[in-house]
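[1] For reference, the sequence and a predicted model appear below.
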Amino acid sequence: MKEPIAPMLATLVAEPFDRPGWVHEEKYDGYRAIAYRRAGRIRIYSRNAKSLTGDFPDIARALEGLSGGDFVLDGEIVALDAKKVSRFQLLQRRSVEHTIRPIFAIFDCLESGGRELLRRPLKERRREMEAIVPAGTGLLRRSRRLSRSGLAAYAFAREKGWEGILSKNEASVYEPGVRSGNWLKVKVRHESEFVIGGFTSPGGSRTHFGALLVGLYDGARLRYAGKIGSGYSDRALSDLAGRMASRGIAESPFEPAPREKGAHWVRADLVVQVAFAEWTAEGKLRQPVFLGLRSDKKARECRWSEREK
């Protein structure tokens, strides 16, 4: 198997469902990661092939200590709040809050003992993963399996305040780099990724900038989705301002350009995670809140056609 491999992706659907031969899992809110152990050496990659090994040394050591031979494991690196709910913004704060300890929630096995498993059904791959990853609540955890009823699984996720559920066809093979119809995601919380195309000038006591101007790609054009004025710590304001300072451009990257007073334009290659209440009838975000910067997703992957509705 080549290294790193592009992860299989889930398709967003609006409603949960019951379907024979499908299983349902907790959907986590973190960094997608694929971990390789080859000749005892651990390497961890993000979904866009960025190395995460040095960013999460405790997880790398835990993977190194697993029994058995070589493997390739797919999962999500997450941080849990006091109610054991994964929160993306906690991962963003781990450098300043040292009590935050990320874990690796593992849901698939792509290679075991030198045997490539991509063409094997999910049911078999899950079994291989469970043979490698022990049950428990350490730094390495098996992803949580839920009720065989997708409706019941969704209701449970909603009660717990999770991001959502993942529904998977147990007979499906692993499709690298494909947003597959054999993996479907249903969101409970309204969170998604957006591309920064500009910002407004600060006002009042705010420093660095007022609000981020964000959008999604609709074909080749960047389509404006609204401005985000809340959710920033002082550290986030400073960090974002520094990143945008080197990306200034003269013309709006949005088509058409939004009519925002005091707007400044930037090269559209930074991606942020945003929570929001809903979409307005005009296609704008209602009550958006900044959660964090994403380095694991490319701007062109943030598409209008795949937006969470």
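    Structure received. Numbers count the residues shown, from 1 in each chain.

[2] Residue 156 should be in a strand, yeah?
    No - counting by DSSP: H, G, I helix; E, B strand; the rest coil, residue 156 is not part of a strand but helix.

[3] wouldn't it be in contact with residue 147 here?
    Yes - if you go by Cβ atoms under 8 Å, residue 156 and residue 147 touch, sitting 6.8 Å apart. Quick note: C-beta positions are derived from backbone N, CA and C, even for glycine.

[4] so what's residue 290 bridging to?
    Assessed by DSSP bridges, residue 290 has beta-bridge partners residue 274.

[5] wait, isn't it in contact with residue 239?
    No - the pair formed by residue 290 and residue 239 falls short of the contact definition of Cβ under 8 Å, at 11.4 Å.

[6] intersection of neighbour lists for the two?
    Contact criterion Cβ atoms under 8 Å, 6 or more residues apart in numbering; residues shared by residue 290 and residue 239: none found.

[7] if you count what's nearby, which of those two comes out ahead?
    A direct count of neighbours by other Cβ atoms under 10 Å for residue 290 and residue 239 places residue 290 higher, at 24 against 15.

[8] quick one: contacts for the more buried one?
    Residue 290 is in contact with 212, 228, 230-232, 236, 272-274, counting by Cβ under 8 Å, 6+ apart.

[9] Which of these sits closest to residue 29?
    Distances from residue 29 to the contacts of residue 290, taken as Cβ to Cβ, are shortest for residue 273 (8.6 Å).

[10] pretty sure the closest one contacts residue 193?
    Yes - between residue 273 and residue 193 there is a contact under Cβ under 8 Å: 5.8 Å.

[11] what residues do those two have in common as contacts?
    residue 294.

[12] As a check, name the ranges of all helices in the stretch 151-300 of the chain.
    234-245 (DSSP state H, counting those that start in this stretch).

[13] pLDDT weak spots in it?
    Within the stretch 151-300 of the chain, no range satisfies pLDDT under 70.

[14] try 90 this time
    189-190, 203-207, 261-262, 277-278, 281, 295 (pLDDT under 90).

[15] which residues in it form strands?
    Secondary structure of the stretch 151-300 of the chain, counting by DSSP state E, counting those that start in this stretch: strands at 164-169, 179-187, 191-200, 212-218, 221-228, 248-249, 263-266, 271-275, 278-279, 285-286, 289-294.

[16] buried sites along the last one?
    Taking 16 or more other Cβ atoms under 10 Å as the neighbour-count basis, strand 289-294 is seen to contain the buried residues 289-292, 294.

[17] What is the nearest of these to residue 181?
    The closest of those to residue 181 turns out to be residue 294 (Cβ to Cβ; 24.7 Å).

[18] Domain ranges for this structure, per the record?
    9-187, 191-306 (automatic domain parsing).

[19] Output those in TSV; the columns should cover distance to residue 1.
    Shown next, in TSV, are the domains of the chain (distance: least, Cβ to Cβ, whole Å):
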stretch	distance to residue 1
domain 9-187	5
domain 191-306	21
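
[20] For residue 3, find the nearest of those domains.
    Of all the domains of the chain, domain 9-187 sits nearest to residue 3, with 5.7 Å by Cβ to Cβ.

[21] Now do that closest one: distance to the chain's middle.
    11 Å (Cα atoms, centre = their mean, to the nearest Å).

[22] Same question for stretch 180-193.
    Counting by Cα atoms, centre = their mean, stretch 180-193 comes out at 10 Å from the chain centroid.

[23] again with stretch 275-295
    15 Å.

[24] List the buried residues for it?
    Using 16+ other Cβ under 10 Å as the test for burial, stretch 275-295 gives 275-276, 279, 285, 288-292, 294.

[25] same deal with stretch 198-208?
    Of the residues in stretch 198-208, those with enough neighbours to count as buried (16+ other Cβ under 10 Å) are 198-200, 208.

[26] out of the buried residues of strand 289-294, who's nearest residue 18?
    residue 291 (31.6 Å).

[27] which residue sits closest to the closest one in space, ignoring its chain neighbours?
    residue 273 (4.2 Å; Cβ to Cβ, 6 or more residues apart in numbering).

[28] What's the local residue count around the one you found?
    Neighbours of residue 273 under the rule other Cβ under 10 Å: 21.

[29] One more: residue 300?
    13.

[30] isn't it right up against residue 217?
    Yes - with contact defined as Cβ under 8 Å, residue 300 and residue 217 form a contacting pair (5.9 Å).
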